[in-house]
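Chemist: quick one, fold the following:
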Amino acid sequence: MKKNIRIAICFFILTITSFAQSGYGTELTGNIVIPIGKNAEYFNIGFGGLVGFYYDITENFRMALVLGYLRSSVNESKVNSLYASGGQDANITGGVGVIPALISLRLISPGPGMRLYGLLEGGLYTYNTSFSGTYGSGAPVDESEFRSEPGIAFGGGVLFPLNKELLLDVNIRYHWVKDSEYIDYEGSSIANSRLLTFGVGVNWFFSLPQP
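Modeler: The predicted model follows:
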């Protein structure tokens, strides 16, 4: 049994290395961020950007490292109504920034011309929370911290060639992150763990020299 496993692993490695390595490149995408998880009504639509560094293992299979920053500000009217009590107003401002660091696997349809792709990504989402103000009878709010949670993203997109080395990239991602609590006062907490991002950007592609 072990011998068969070793043979299968060797065959897989030889198969991967025998594929034509067609190119590598970078990508830059601007994103609209829509919180869609629990407590999504307490956050506004946000914005951000992602940058990727990719390598084509084959013409139709791409691996990438994706980094970026996404931010959504707090919906002040919703949050302040939640924490106002006893005839006293709340005044809470701030938001949540997310720094994703993801390994991305993508299947891309054959070219030339417009190409469709699906993606699956996984890694860490580092949260930068920042809330300040007062609530209830004037109790202070001061929430500011960094912490990381595991998460995955899946989605897809379309690549439109602009020239030989430049492509327009339109994509959508659904981010599923471990539940993360941002504010918790007097038994009322605000957390979120789901994001939907719509991205538009460009890919720079560089062909590898052929032997």
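Chemist: past the helix or strand of the chain with the lowest mean pLDDT, which element shows up next along the chain?
Modeler: Of all helical and strand segments in the chain, the minimum by mean pLDDT, DSSP states H and E falls on helix 2-18, at a mean of 43. Note on helix 2-18: by DSSP states H and E, the next helix or strand toward the C-terminus is strand 23-35.
Chemist: hey, C-alpha coordinates of the helix or strand containing residue 129 in CSV?
Modeler: Taking DSSP H and E as the criterion, residue 129 maps to strand 115-135. Extracted in CSV, the C-alpha atoms of strand 115-135 (Å, rounded to 0.1, in the frame of the first residue of the first chain):
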residue,chain,number,x,y,z
ARG,A,115,-11.2,33.9,-20.6
LEU,A,116,-13.4,32.8,-17.7
TYR,A,117,-12.0,31.6,-14.4
GLY,A,118,-13.0,30.1,-11.0
LEU,A,119,-11.0,30.6,-7.9
LEU,A,120,-10.6,29.1,-4.4
GLU,A,121,-8.5,30.9,-1.8
GLY,A,122,-7.5,30.3,1.8
GLY,A,123,-5.4,32.0,4.4
LEU,A,124,-5.5,34.6,7.2
TYR,A,125,-7.6,37.7,7.5
THR,A,126,-6.1,40.2,9.9
TYR,A,127,-8.6,42.6,11.4
ASN,A,128,-7.8,46.2,12.4
THR,A,129,-10.8,47.4,14.5
SER,A,130,-11.1,51.0,15.5
PHE,A,131,-14.2,52.4,17.4
SER,A,132,-14.4,55.4,19.7
GLY,A,133,-17.1,57.6,21.4
THR,A,134,-19.6,57.2,24.1
TYR,A,135,-22.7,55.2,24.7
